[in-house]
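Novice: okay, here's the prediction I keep looking at, along with the sequence it came from:
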Amino acid sequence: MTVTAHTPPAASAGRPYDPVDLSSRAFWAGTADQREASFAQLREARPLSWHPPVEDALMPDADDPGFWAVTRHADIVEVSRNSEVFLSGKGVLFENVPEELLEASQSFLAMDPPRHTLIRKVVHAAFTPRQVRRIEDSIRANARDIVTELRAAGSGVDFVSHCAKELPVRTLADMVGIPDSERHAVADAADAMVSWGDPEYLDGRNPLEVLFSSQMYLHQVALGLAAERRDNPGDDLFSSLVHAEVEGARLTDAEIAAFFVLLAVAGNDTTRQTTSHAIKALTDHPEQRAWLTASFDDRIGGAVEEFIRWASPVMTFRRTAATDYVLGGQQIAAGEKVVMFYSSGNRDTAVFDRPDLLDLGRDPNPHLGFGGGGRHFCLGAHVARAQLRAIIGELLTQLPDLAAGEPSFVAGNFIHAVRRMPVTW
């Protein structure tokens, strides 16, 4: 089904808004299958389509004319890789956010070269081979402990709170040296950064207050850690971050705090959401589960890629056109917003054979779960893959009869987030 549009009576600059609704709360509160019906219609007939601003924006902008929706895989890749034309420095979410607030919450996600290039190099310099090995060792140990604790909690518990959210939290804590006393508060603040649009999560609270208080808390934690590691460096990523230097440049306190927000949010979402979606998928597709367990070590690498495609944990990212540009045969004007719909690209029949089917042996699998390539390709992709290999392996080994019930989802246009999901065994 296609959700009924909430099209405003006026169109932008004489250009009519598309009749397919991608902007309303109702659209994003629907199921993934309902959204896919709309995306399929657009991919087939209007792969570049013009839409009104999102409904009930956090910071309403009367001058916002709307956005271009990019729904085809090939066009998403083109936007991702042409960072000279499609800029991130104006923001990467649907909504217009004051530029002075962008860096504090989105770090180099919301930057363009040359600054993006330099900051990413400094951050990448902290991911040394030694750090990567240490992270992967801790991931395996944490995954084993988490599933052991899940077993002890007993059949019928919520999988999200007892398992899916735990591995990224513990990985982040080990990576940057977060004290145990702060670990769950950091996770809660990271949740708030992507859940401020969800009425159930807000529970009557003001979304701006929730967003900013969470951001300020994460900054406070980051600045405290940075000060401590400068004086007493340890064997953790934060120690590497505060001392990493590229071309004579080191990260400032503000840059470190902004990167910590990004790390806390982005380091949480891919693993947490994909883990939940994967266990539900394995429950619903027992033949795929049997195929995977028959030769787990040989097959889990490709299976992880399919789980990420299937989940599409990050559903959208935005760019802003720097110049006039023709994309997919459609004229885009300088200054217009362009939103990439990754969940649509990951179901594009021009790229994926029978994309509506879970195929853990799918090869090739050029999914868009870590973006479409280019300068903003996910820096932590290898960490997310390591976490997924470890946690799925432990779950299938320790709880071979694990079965997921029906999940409930967080309404929103950014993260394909599972709020709760009961599991039994």
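Specialist: All right, it came through fine.
Novice: could you use CA atoms for every contact and neighbour count after this?
Specialist: OK.
Novice: show me the contacts for residue 407.
Specialist: For residue 407, the contact set (Cα atoms under 8 Å, 6 or more residues apart in numbering) comprises 418, 419, 420, 421, 422.
Novice: quick one: which of those residues is nearest residue 399?
Specialist: Within those, the smallest distance to residue 399 is 14.3 Å, found for residue 422 (Cα to Cα).
Novice: stretch 36-44: how far from the chain's middle?
Specialist: On the basis of Cα atoms, centre = their mean, to the nearest Å, stretch 36-44 is displaced by 22 Å from the centre of the chain it belongs to.
Novice: how about stretch 246-262?
Specialist: Shown here is stretch 246-262, whose average C-alpha point lies 21 Å from the average C-alpha point of the whole chain (Cα atoms, centre = their mean).
Novice: hang on, the earlier thing: pick the one among the contacts of residue 407 closest to residue 327.
Specialist: Using Cα to Cα, the shortest approach to residue 327 within the contacts of residue 407 belongs to residue 418, at 33.3 Å.
Novice: ok, of the contacts of residue 407, which one's closest to residue 90?
Specialist: Of all those, the one sitting nearest residue 90 is residue 418; the distance, using Cα to Cα, is 28.8 Å.
Novice: contacts only, for that closest one.
Specialist: For residue 418, the contacting residues are 160, 273, 276, 277, 407, 408, 409, 410, taking Cα under 8 Å, 6+ apart as the criterion.
Novice: kindly report the same for residue 383.
Specialist: Under the criterion of Cα under 8 Å, 6+ apart, the contact partners of residue 383 comprise 135, 136.
Novice: picking up where we left off before, possible to save the contacts of residue 407 as TSV with distance to residue 352, pLDDT and secondary structure?
Specialist: Rendered in TSV, the data for the contacts of residue 407 read as follows (distance: Cα to Cα, whole Å; pLDDT from 0 to 100; DSSP: H, G, I helix; E, B strand; the rest coil):
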residue	distance to residue 352	pLDDT	secondary structure
418	25	96	strand
419	29	94	strand
420	30	96	strand
421	28	98	coil
422	31	98	strand
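Novice: quick one: which of those residues is nearest residue 117?
Specialist: Nearest to residue 117, judged by Cα to Cα, of the contacts of residue 407 is residue 418 at 33.5 Å.
Novice: please name the bridge partners of that closest one.
Specialist: residue 409 (DSSP bridges).
Novice: separation between the spatially most central residue of the chain and residue 223?
Specialist: When Cα atoms, centre = their mean is applied to the chain, the residue found nearest the centroid is residue 314 (3.5 Å). When distance is defined by Cα to Cα, to the nearest Å, residue 314 is 28 Å away from residue 223.
Novice: count the neighbours of residue 401 for me.
Specialist: Using other Cα atoms under 10 Å, residue 401 has 11 neighbouring residues.
Novice: then residue 84?
Specialist: Quick note: residue 84 (other Cα under 10 Å) scores 13 neighbours.
Novice: my read: it touches residue 322, true?
Specialist: Yes - the criterion here is Cα atoms under 8 Å, and residue 84 meets it with residue 322 at 7.5 Å.
Novice: filter the contacts of residue 418 to the buried ones?
Specialist: Buried by 16 or more other Cα atoms under 10 Å: 160, 273, 276, 277, 407, 409, 410, out of the contacts of residue 418.
Novice: one step back: what sits in contact with each of residue 84 and residue 322?
Specialist: Between them, residue 84 and residue 322 share no neighbouring residue, with contact defined by Cα under 8 Å, 6+ apart.
Novice: from residue 256, how far off is residue 250?
Specialist: Residue 250 is 10 Å from residue 256, where distance means Cα to Cα.
Novice: ok, these two, which is more surrounded?
Specialist: Set side by side, residue 250 and residue 256 show more neighbours around residue 256, with 24 against 18, by other Cα under 10 Å.
Novice: the residue nearest to the more buried one when sequence neighbours are not counted: what's it in contact with?
Specialist: Using Cα to Cα, 6 or more residues apart in numbering and skipping residues adjacent in sequence, the residue nearest residue 256 is residue 222, 7.0 Å away. Applying Cα under 8 Å, 6+ apart, one finds that residue 222 lies in contact with 256, 257, 260.
Novice: just those residues: which are in helices?
Specialist: For the contacts of residue 222, the ones inside helices are 256, 257, 260, with DSSP state H as the criterion.
Novice: show the pLDDT at residue 247.
Specialist: Here the pLDDT value assigned to residue 247 is 77.
Novice: also residue 10?
Specialist: At residue 10, the model reports a pLDDT of 45.
Novice: where exactly do the helices run in the stretch 251-400 of the chain?
Specialist: Ranges of helices in the stretch 251-400 of the chain, per DSSP state H, counting those that start in this stretch, are 253-284, 286-294, 296-311, 342-345, 381-398.
Novice: residue 357: which of those is closest?
Specialist: helix 296-311 (8.7 Å).
Novice: helices or strands up against the closest one?
Specialist: The criterion is 3 or more Cα pairs under 8 Å, 6 or more residues apart in numbering; DSSP states H and E, and the helices and strands that helix 296-311 contacts are helix 253-284, helix 286-294, helix 381-398.
Novice: deepest of those helices, which one?
Specialist: Neighbour counts averaged per stretch over the helices and strands packed on helix 296-311 are highest for helix 253-284, at a mean of 22; criterion: mean count of other Cα atoms under 10 Å.
Novice: give me the lowest-pLDDT entry from the contacts of residue 418.
Specialist: Model confidence across the contacts of residue 418 bottoms out at residue 410, which has 90.
Novice: now for the helix or strand of the chain with the lowest mean pLDDT, which elements pack on it?
Specialist: Of all the helices and strands that make up the chain, the one with the lowest confidence by mean pLDDT, DSSP states H and E is helix 99-106; it has a mean of 71. With contacts defined as 3+ Cα pairs under 8 Å, 6+ apart, the packing partners of helix 99-106 are helix 253-284.
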